[in-house]
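In: quick check, what structure comes out for this input:
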Amino acid sequence: MKIKNFKKKKLQELERQKQFELEEAAPGKDTPENLFLGDFYSEEARDVVFYVQLPHISQPEPEFKIATVTLNYYNVVTEKHDKVSVPCFVRRSPEIPVHQTRDFALDMQINRLTAAAAMEEAQTKEMAQAKQVVCTAIARLKAAISASDPFTQTLIADLEEILGDMKDTSSFQKVAVAKMAWKGNAHKNQRGCGTAGVGYQNKAKADMQMKAQAYSEEKKQEKFASKPVSKESYSDKKKKK
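Out: Predicted coordinates for the structure are as follows:
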């Protein structure tokens, strides 16, 4: 995927000059212009967060173009390489609207990346520092616009569960670190894995899991049915006793 008109250097210059201040450790701040998304399963989706620097305008712009996103992919149905480009527009005004808030859907994706980044960072820290990283992420999510949404609540619950696994060094190393790698990857890649990232599972994956479970159960039944049954009667058993 390529994001055209993504002026990362200019964004960094503005941040240094304090003309445009980014949130600390803001998700999407380091999103590259060219991004490899990897393979997709049926019905999967990906949300990519990125920042752009916008010039000053003197009058309202109902459709201000900020970027063009191009996706190059291999179509398994047609067995050909395809490409699709989508222009991105925003509605802008010369002055920042009073009481402007972040888009709700965008806020949830930023929360997702915040949680995933915290889990990834905490894995590399000592337990005391890891606790601080996770606690900071929990505080940010609880203060978010979408804090009450079930999706954000799930992220908070995952972080709090991991925090609870940091009781001692042994629990931290054997349980918390493994859980952060497992759950962190699920949230980062928006892909369910076991009980982690259940919200990312779609109908196609759910159907596949049901078929796999049914097949496994069928094989168990076949194995049980083919097991030889002893012809020894109950009376024979009593005689032996």
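In: helices and strands of the chain: which one has the lowest mean pLDDT?
Out: helix 8-16 (a mean of 43; mean pLDDT, DSSP states H and E).
In: now the element after that one, going C-ward?
Out: Next helix or strand after helix 8-16 toward the C-terminus (DSSP states H and E): strand 61-75.
In: local confidence estimate at residue 204?
Out: Looking at residue 204, its pLDDT is 61.
In: ah, wrong one, I meant residue 129
Out: Listed pLDDT for residue 129 reads 96.
In: let me know the helix or strand that the spatially most central residue of the chain is in.
Out: When CA atoms, centre = their mean is applied to the chain, the residue found nearest the centroid is residue 187 (2.5 Å). Secondary structure from DSSP H and E places residue 187 in helix 177-189.
In: then residue 110?
Out: helix 104-122.
In: list the buried residues of that helix.
Out: 107-122 (16 or more other CB atoms under 10 Å). Every C-beta, even on glycine, is put in place using the N, C-alpha and C of the backbone.
In: can you list contacts of it?
Out: 25-28, 47, 49, 102, 129-131, 133-134, 136-137, 140-141, 144-146, 149, 151-152, 155, 158-159, 162, 176, 180-181, 183-185, 187-188, 190 (CB atoms under 8 Å, 6 or more residues apart in numbering).
In: send over it as CSV, restricted to the C-alpha atoms.
Out: Coordinates of each C-alpha in helix 104-122 appear next as CSV, following Å, rounded to 0.1, in the frame of the first residue of the first chain:
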residue,chain,number,x,y,z
PHE,A,104,-15.0,8.2,17.1
ALA,A,105,-13.9,5.5,14.7
LEU,A,106,-10.4,6.9,14.4
ASP,A,107,-10.1,7.2,18.1
MET,A,108,-10.8,3.5,18.5
GLN,A,109,-8.1,2.6,16.0
ILE,A,110,-5.6,4.9,17.8
ASN,A,111,-6.6,3.1,21.0
ARG,A,112,-5.9,-0.3,19.4
LEU,A,113,-2.5,0.8,18.3
THR,A,114,-1.8,2.4,21.7
ALA,A,115,-2.5,-0.9,23.4
ALA,A,116,-0.5,-3.0,20.9
ALA,A,117,2.5,-0.6,21.2
ALA,A,118,2.4,-0.7,25.0
MET,A,119,2.4,-4.6,25.0
GLU,A,120,5.2,-4.6,22.5
GLU,A,121,7.3,-2.1,24.5
ALA,A,122,6.6,-3.7,27.9
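In: average pLDDT for it?
Out: Mean predicted lDDT for helix 104-122 stands at 93.
In: over to stretch 90-98?
Out: Mean predicted confidence for stretch 90-98 is 86.
In: same question, stretch 154-165
Out: Mean predicted lDDT for stretch 154-165 stands at 95.
In: care to break this protein down by domain?
Out: 2-100, 105-200 (automatic domain parsing).
In: hey, which of these is tucked in deepest?
Out: domain 105-200 (a mean of 17; mean count of other CB atoms under 10 Å).
In: now find how far off-centre it is within its chain.
Out: 10 Å (CA atoms, centre = their mean, to the nearest Å).
In: start to end distance for that domain?
Out: From its first residue to its last, domain 105-200 covers 15 Å (CA to CA, to the nearest Å).
In: what packs against the helix holding residue 187?
Out: helix 104-122, helix 150-164 (3 or more CB pairs under 8 Å, 6 or more residues apart in numbering; DSSP states H and E).
In: which residues sit against the helix or strand just after the first one?
Out: Meaning helix 104-122. Next helix or strand after helix 104-122 toward the C-terminus (DSSP H and E): helix 127-142. Here helix 127-142 makes contact (CB under 8 Å, 6+ apart) with 111, 114-115, 117-119, 121-123, 125, 147, 152, 155-156, 159-160, 162-163, 166, 169, 172, 176.
In: no further questions, thank you.
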